[in-house]
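Participant: prediction below, plus the sequence it came from.
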Amino acid sequence: MFTTYQQCSLRYANVNNLISLFSILPYLSLLFIQALTTLHLRENYIGAKGAKYLADALRTNETLVMSNLENNGLVDDGALQLANVLRNNTTLTTLNLRGNYIGDHGAKYLADSLRNNTTLTTLDLRKNQIGDEGAKHVTLSVLNLSWNRIQNKGAQHLADALKYNTTLTTLNLRGNYIGDHGAKYLADSLRNNTTLTSLDLRKNQIGDEGAKHVADALRNNTLSVLNLAWNRIQNKGAQHLADALKYNTVTLL
């Protein structure tokens with residue numbers, strides 16, 4: 001099905017906005033180039049079927065380290081196709097799946113595959129449809145779950161994982177709905193976590209109560225950057241955070 005380019009030295013391929021699955025298929029032969037390290041297939045709407053073709057090609061590729069599949073309509077079935085190949089992939093370090101209508105089932109497929117994968121460190125799942133159930137399954141070293149549907153229960157799942165996680169350094173939860181209860185769960189986990197350095201909680205409906213829980217946790221943890229912009233924190237919550245900063249060098253945004 002694909003033409004092999006064994007001697008080609010191409011390392012970077014940007015194939016954006018081709019609109020259809022059938023337009024993109026010939027370009028998947030690029031994955032047989034054993035020098036290719038970066039592949040952008042953003043906004044092609046290849047769907048789950050295209051994800052299967054891509055996964056089949058990835059099984060023989062030993063050089064690709066970064067792939068951008070943003071806005072491709074992969075849905076859960078497409079996530080499953082990618083998850084199947086990620087189980088044994090030893091080269092891909094960064095995968096962008098932003099805006100692909102991936103839900104809880106897709107998040108679980110990906111998380112299950114990554115239990116055996118020690119190479120992928122950055123997974124971008126922004127603007128999908130992952131809720132509380134899906135949130136409990138995913139954790140890496142850089143994890144972007146912004147603009148999903150995660151509420152306080154999902155925050156609890158993430159917090160439970162953070163208590164014992166030794167690899168995650170950056171967690172982005174911007175634009176979810178974790179609220180004060182979710183903030184408490186995350187704050188409790190920060191007391192035990194020694195690796196997380198950056199936490200983005202912008203636009204999460206966190207009020208003064210949630211700010212107090214976060215402030216208490218800041219007195220003893222490794223966070224260096226915390227973003228709480230566009231929440232519902234008033235003077236009382238701001239005072240709690242200000243008091244905590246006396247004992248912590250974290251940059252509060």
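Facilitator: Sure, I can see it. Numbers count the residues shown, from 1 in each chain.
Participant: please count neighbours and contacts with C-alpha atoms only from this point.
Facilitator: Fine.
Participant: A161: which element?
Facilitator: Assignment of secondary structure by DSSP states H and E places A161 within helix 152-164.
Participant: identify each buried residue in that helix, please.
Facilitator: Residues N152, K153, G154, A155, Q156, H157, L158, A159, D160, A161, L162, K163 are the ones in helix 152-164 that count as buried (16 or more other CA atoms under 10 Å).
Participant: so where do the strands sit in this protein?
Facilitator: In the chain, the strands defined using DSSP state E lie at 12-14, 38-40, 66-68, 94-96, 122-124, 142-144, 170-172, 198-200, 225-227, 251-252.
Participant: mean pLDDT and distance to G207 added to the ones you listed, as TSV?
Facilitator: Output for the strands of the chain, formatted as TSV (pLDDT from 0 to 100; distance: least, CA to CA, whole Å):
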stretch	mean pLDDT	distance to G207
strand 12-14	56	43
strand 38-40	86	39
strand 66-68	93	35
strand 94-96	95	31
strand 122-124	93	27
strand 142-144	90	23
strand 170-172	94	18
strand 198-200	96	15
strand 225-227	95	14
strand 251-252	84	16
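Participant: quick one: those as CSV, columns for mean neighbour count and distance to A107 too.
Facilitator: CSV is the format used below for the strands of the chain (neighbours: other CA atoms under 10 Å; distance: least, CA to CA, whole Å):
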stretch, mean neighbour count, distance to A107
strand 12-14, 15, 26
strand 38-40, 19, 21
strand 66-68, 20, 17
strand 94-96, 19, 13
strand 122-124, 21, 11
strand 142-144, 21, 12
strand 170-172, 20, 16
strand 198-200, 20, 20
strand 225-227, 17, 25
strand 251-252, 13, 30
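Participant: in JSON lines: the ones you listed, plus distance to L218.
Facilitator: Shown next, in JSON lines, are those (distance: least, CA to CA, whole Å):
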{"stretch": "strand 12-14", "distance to L218": "42"}
{"stretch": "strand 38-40", "distance to L218": "38"}
{"stretch": "strand 66-68", "distance to L218": "34"}
{"stretch": "strand 94-96", "distance to L218": "30"}
{"stretch": "strand 122-124", "distance to L218": "25"}
{"stretch": "strand 142-144", "distance to L218": "20"}
{"stretch": "strand 170-172", "distance to L218": "16"}
{"stretch": "strand 198-200", "distance to L218": "12"}
{"stretch": "strand 225-227", "distance to L218": "10"}
{"stretch": "strand 251-252", "distance to L218": "11"}
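Participant: show me what the helix holding A161 is packed up against.
Facilitator: Here helix 152-164 is seen to pack against helix 132-135, helix 179-190 when contacts are counted using 3 or more CA pairs under 8 Å, 6 or more residues apart in numbering; DSSP states H and E.
Participant: any idea which of these is most buried?
Facilitator: Comparing these on average neighbours per residue, with mean count of other CA atoms under 10 Å, the densest one is helix 179-190 at a mean of 23.
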